[in-house]
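Enquirer: 3D model of this:
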Amino acid sequence: MPRPSAKGRILDAALETIHGQGYNATSIQDITAAAGAPKGSFYNHFASKEALCLEILDLYRERELGILGILEVPGTPSRDRLIRHFAALTEGNKCGLERGCLIGNLAAEAASASPAVRDRLARMLSEWTSLLAACIREGQASGELAANGSPEDLAAFLVNAYEGAILRAKADCCEEPFRQFEHFLLVLLD
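Expert: Okay, here's the model as predicted:
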């Protein structure tokens, strides 16, 4: 198995460090130390911490594609896909209650200081919303899901509610907000 490149090690370390400590609390020195790389190597691969942040968002998205892909599994009822999607997200979030969601954390911490980060986060949330809306639309068209509301509005509500559940779980350091979300997801889908 080939050794990861210095850039790959820095990206992995940055994703973990920023997700754990926060964007503003993480220095380039923290990242390179976690990567086992000299500080100077950071600037061989990234023009700035902001440029690194954009790349870790891409890496995070790549790692989450399997969870997003659940929404598009052919031959599976829409209701089941929605439930499985959020269950997979919840399972991943239960492992790191204190960390919260990288997207939500960066939206709160870095988006106001960086238009590029804000735009990337908005695109990621929009993509998630679009995938949910397509799944809901399909379920409404087949009669499997109630046609109460536009798929886009329902999808946006689910994204906003789930991000809120993650934030609350982080603040309370407990899983109850996920249980509450799952309960109301079922109410919404029935």
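
Enquirer: make it CA atoms for all contacts and neighbour counts henceforth
Expert: Will do.

Enquirer: what's the next secondary structure element after the longest helix anywhere in the chain?
Expert: Identified as the longest helix of the chain according to DSSP state H is helix 115-142. Next along the chain after helix 115-142, taking DSSP states H and E as the criterion, comes helix 151-172.

Enquirer: Mean confidence (pLDDT) on the longest helix of the chain, please.
Expert: Mean pLDDT, helix 115-142: 96.

Enquirer: Counting by contacts, list what that helix packs against.
Expert: helix 49-69, helix 78-94, helix 102-109, helix 151-172 (3 or more C-alpha pairs under 8 Å, 6 or more residues apart in numbering; DSSP states H and E).

Enquirer: Out of these, the one nearest Leu11 is which?
Expert: helix 49-69 (6.1 Å; C-alpha to C-alpha).

Enquirer: Mind giving me the packing neighbours of the helix or strand hosting Ser41?
Expert: For Ser41, the host element (DSSP H and E) is helix 39-45. Counting by 3+ C-alpha pairs under 8 Å, 6+ apart, the packing neighbours recorded for helix 39-45 are helix 6-21, helix 28-35.

Enquirer: contacts for it?
Expert: Applying C-alpha atoms under 8 Å, 6 or more residues apart in numbering, the external contacts of helix 39-45 come out as 6-7, 10, 28-29, 32-33.
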